[in-house]
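Enquirer: next one to model:
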Amino acid sequence: MDDQLEISETNKEKNQIIVNRKYKFNLWYITNNTKIFQCTKCKTVKKCKSYIILNDNNKVIKYENKHTHPGKEYDASVSIVKHKMKNKIRKTSIPFDINPKHI
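Expert: Numbers count the residues shown, from 1 in each chain. The predicted structure is shown next:
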């Protein structure tokens, strides 16, 4: 797989994968040794069928690249930046009285 994967999180602090800074995948369900992520556009009019299966070590087992919509680079980039900001706030020793969940 030549695609670039980045781990991020949703506003509800759930795991999210961003592929090539264009497509976002949210955790759908977990089985014995795998995590299955589906494209965030699966429940829209486009009904995207793309999904990613990861093993316990977060290695890609399968990437079904069947997107029915163009990628949104802006939305994906915003998600990545928000995730990095939240991590910085969580790790800082200075209390800002900022809840990272509200960023």
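Enquirer: partners of the longest strand along the chain, with directions?
Expert: The strand that spans the most residues within the chain, counting by DSSP state E, is strand 23-30. Strand pairing for strand 23-30, determined by DSSP bridges: strand 15-19 (antiparallel), strand 35-39 (antiparallel).
Enquirer: just give me the lowest mean pLDDT stretch among those strands.
Expert: Lowest mean pLDDT within these: strand 15-19, a mean of 84.
Enquirer: what about the helices in this structure?
Expert: Listed in chain order, the helices of the chain (DSSP state H) span 73-91.
Enquirer: got any ranges where it has weak pLDDT?
Expert: 1-2, 73-81, 83-84, 87, 90, 93-103 (pLDDT under 70).
Enquirer: spatially central residue for it, please.
Expert: Q16 (2.1 Å; CA atoms, centre = their mean).
Enquirer: quick one, what contacts that one?
Expert: Contact analysis of Q16 by CB atoms under 8 Å, 6 or more residues apart in numbering lists 7-10, 24-27, 37, 79, 83. C-beta: built from backbone N, CA, C; applies to glycine.
Enquirer: please save the CA atoms from the longest strand of the chain in PDB.
Expert: Provided in PDB are the C-alpha atoms of strand 23-30 (Å, rounded to 0.1, in the frame of the first residue of the first chain):
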ATOM      1  CA  TYR A  23     -10.200  10.600   3.100                       C
ATOM      2  CA  LYS A  24     -11.300  10.100   6.700                       C
ATOM      3  CA  PHE A  25     -12.200   6.800   8.200                       C
ATOM      4  CA  ASN A  26     -13.900   6.300  11.600                       C
ATOM      5  CA  LEU A  27     -13.700   3.200  13.800                       C
ATOM      6  CA  TRP A  28     -16.700   1.000  12.800                       C
ATOM      7  CA  TYR A  29     -16.200  -2.100  15.000                       C
ATOM      8  CA  ILE A  30     -13.600  -4.300  16.600                       C
END
